[in-house]
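# This is a predicted model, with the sequence first.
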Protein chains: 2
Amino acid sequence: MRISVQAKQENRARILKAAVEIFTVKGFDATTTRDIALASGLAAGTMFNYFPSKETLAMTMVAEALGQGRSDFVHRRTGKEELGEELFLFIASGLRRLRPLRSFIGPVFERSLSPFPRRTVCHEGEAARLEHLDVVQEIISRHGYSEAPDYVAMTIYWSLYLGILAFWANDESLNQEASQSLIDYSIRMF
Amino acid sequence: MRISVQAKQENRARILKAAVEIFTVKGFDATTTRDIALASGLAAGTMFNYFPSKETLAMTMVAEALGQGRSDFVHRRTGKEELGEELFLFIASGLRRLRPLRSFIGPVFERSLSPFPRRTVCHEGEAARLEHLDVVQEIISRHGYSEAPDYVAMTIYWSLYLGILAFWANDESLNQEASQSLIDYSIRMF
DNA sequence: ATATTATTATGAGCGTGCTCATTTTATGTT
DNA sequence: AACATAAAATGAGCACGCTCATAATAATAT
């Protein structure tokens, strides 16, 4: 069967919407792919024509949110911030857009953002990582460190960033103030 | 059926031995719990009387190795090292004992050492983390920072340490020299 | 010896993420 | 309108980690 491009986009959107809703209620692990497919009005297997894995489905949401966060950041920065301020702004912009996913996205971070080879590569996660690091490199370069930050520095940065994401996802303090403090310390150290 | 204490220990040891061998050949994910049970001369379900999950089985090996590494460290340090030197020695002692697991343990690190609540808590991982951090706190305290390192510092430390473990597990440089360099940078920053 | 009991081993079976041969249908062609 | 074709939907089914009712047996009591 052929379906129109529009119908395909609608299906994709319905899957994403249903997934967010069920993940939010039941959590990532307790939500089955069958749950999501049926709630989207599709058969169990059809979901996998749109997203190759449950993990990729979730990472697609993350990548989208981080993309928007990056765009927010680009439009919001004045170009006059200190290095640390600018990094903080960038990280905070991403977290703001990730907010709707916060209640269930923790487990996904811990599995999908590793910089190292995995059994099932998740391109969405890989791409999100590289795009994030590109911006960080650009920020650092613009602040006078003429030589591009090296591989070790980026490895360390990513470790700290993953720690922030994991902490933030589980941070029950008001408005995630604790996370802001962690970001602050991490940046200063970096 | 009752079996002697000795027989039980033998079963446990056989499971661990078989698991290490098969993990090494096939990798963690591609090894099935049935593989391990059968290679140990036990039925599929029996393995779970000894280890509640495949993940716990692997983390038991990690915990054991880190325990030995900690013991090595305690016996090897002179007490005259600089703070950084001592941290390096501690981390390196753990990695040395983890060496036999290096080829397959990466995925386990990435799932089991998170400091945050998980669907299935893995006590072995939790315990390993706390014991490691205890030693780190003790090291830092002995070096004159009278007030105990706070929660934020320990969170950051653990992020960096996880990054080191993940990097090391995938480090194909000779004798993992690249990892040594990463440890060095991470400690200096910390 | 025999019976009883506590403890362990067993493997059929469940729910899961995911695959794939088959069926269905929107679109292009005559 | 009838047909052909390409692309997408379907759901039975697989392998996996893990559970649990049942069977088996070593230790203990009689």
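Here it is on my side, so go on.
# Close to DNA strand D: what parts of chain A are there?
Residues of chain A lying near DNA strand D by C-beta under 7 Å from any atom of the strand: A:1-3, A:8, A:11, A:42-46, A:48-50. (Glycine included, C-beta is placed from N, CA and C.)
# Which of those sits closest to DNA strand D?
Nearest to DNA strand D among those is residue A:45, at 1.7 Å by C-beta to the nearest atom of the strand.
# what residues are up against that closest one?
residue A:37 (C-beta atoms under 8 Å, 6 or more residues apart in numbering or on different chains).
# Just say helix, strand or coil for the most centrally placed residue in chain A.
Closest to where the C-alpha atoms of chain A average out (C-alpha atoms, centre = their mean) is residue A:62, at 3.4 Å. Under DSSP: H, G, I helix; E, B strand; the rest coil, residue A:62 falls in the helix class.
# do residue A:117 as well
coil.
# Could you count how many residues lie near the spatially closest residue to it that is not a sequence neighbour?
Nearest non-adjacent residue to residue A:117, counting by C-beta to C-beta, 6 or more residues apart in numbering or on different chains: residue B:170, 6.4 Å away. Neighbours of residue B:170 under the rule other C-beta atoms under 10 Å in any protein chain shown: 17.
# can you check residue A:186 too?
With other C-beta under 10 Å as criterion, residue A:186 counts 24.
# Could you measure from it over to residue B:190?
11 Å (C-beta to C-beta, to the nearest Å).
# Residue A:54 now?
Taken as C-beta to C-beta, the span from residue A:54 to residue B:190 is 36 Å.
# swap in residue A:181?
Distance from residue A:181 to residue B:190, by C-beta to C-beta: 17 Å.
# Now do the buried residues in stretch A:28-46.
A:28, A:31, A:33, A:35-37, A:39-40, A:42 (16 or more other C-beta atoms under 10 Å in any protein chain shown).
# Redo these as TSV? Include pLDDT, secondary structure and distance to residue B:151.
Converted to TSV, the buried residues of stretch A:28-46 look like this (pLDDT from 0 to 100; DSSP: H, G, I helix; E, B strand; the rest coil; distance: C-beta to C-beta, whole Å):
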residue	pLDDT	secondary structure	distance to residue B:151
A:28	97	coil	26
A:31	98	coil	32
A:33	98	helix	37
A:35	98	helix	37
A:36	98	helix	37
A:37	98	helix	42
A:39	97	helix	40
A:40	97	coil	42
A:42	97	coil	45
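# Mind picking the one among these that's closest to residue B:74?
Distance to residue B:74, by C-beta to C-beta, is smallest for residue A:28 among the buried residues of stretch A:28-46, at 40.2 Å.
# which ones are touching that closest one?
Contacts of residue A:28 (C-beta under 8 Å, 6+ apart): A:58, A:104-108.
# how about 10 Å then?
A:19, A:22, A:54-55, A:57-58, A:101, A:103-108, A:111, B:119 (C-beta atoms under 10 Å, 6 or more residues apart in numbering or on different chains).
# now residue A:81
Counting by C-beta under 10 Å, 6+ apart, residue A:81 has contacts A:87-90, A:139, A:143.
# just residue A:173 next, same as before
A:179-181.
# Phi and psi next, for it.
phi -70, psi 160 (degrees, to the nearest 10).
# Look at residue A:12 and say how many residues are nearby.
Neighbours of residue A:12 (other C-beta under 10 Å): 15.
# Could you report the separation of it from residue A:3?
11 Å.
# what helix or strand is residue A:10 on?
Per DSSP states H and E, residue A:10 falls inside helix A:5-26.
# can you list contacts of that helix?
So helix A:5-26 is contacted by A:2-4, A:28-33, A:35-42, A:46-47, A:49-51, A:54, A:57-58, A:60-61, A:64, A:100-105, A:108 (C-beta under 10 Å, 6+ apart).
# what's the spacing between the residue nearest to residue A:117 and residue B:116?
For residue B:170 relative to residue B:116 (C-beta to C-beta), the value is 23 Å.
# and if you look at residue A:29?
14 Å.
# shared neighbours of those two, anything?
Common neighbours of residue A:29 and residue B:116 (C-beta under 10 Å, 6+ apart) are residue A:107.
# Name the nearest residue to residue A:67, ignoring sequence neighbours.
residue A:131 (7.6 Å).
# cool, residue A:125 as well?
Per C-beta to C-beta, 6+ apart, closest to residue A:125 is residue A:112, 4.0 Å.
# Which neighbours do residue A:186 and residue B:190 have in common?
Joint contacts of residue A:186 and residue B:190 (C-beta under 10 Å, 6+ apart) are B:156, B:160.
# Correct me if wrong: residue A:85 contacts residue A:79.
No. Residue A:85 is beyond contact range of residue A:79, at 11.3 Å (criterion: C-beta atoms under 10 Å).
# The two - which one has more neighbours?
More crowded of residue A:85 and residue A:79, by other C-beta under 10 Å: residue A:85, with 13 against 6.
# Which element, helix or strand, includes that one?
helix A:83-98.
# Show me what that helix packs onto, helices and strands only.
Helix A:83-98 sits against helix A:54-76, helix A:102-112, helix A:123-142, helix A:151-169, helix A:177-189, with contacts defined as 3 or more C-beta pairs under 10 Å, 6 or more residues apart in numbering or on different chains; DSSP states H and E.
# same thing but 8 Å
helix A:54-76, helix A:123-142, helix A:151-169, helix A:177-189 (3 or more C-beta pairs under 8 Å, 6 or more residues apart in numbering or on different chains; DSSP states H and E).
# which strands and helices sit next to the third one?
It stands for helix A:151-169. helix A:83-98, helix A:102-112, helix A:123-142, helix A:177-189, helix B:151-169, helix B:177-189.
# now the first one and helix A:177-189, what's the angle there?
By that I understand helix A:83-98. 150 degrees (axes from the mean of the first three to the mean of the last three C-alpha atoms, to 10 degrees).
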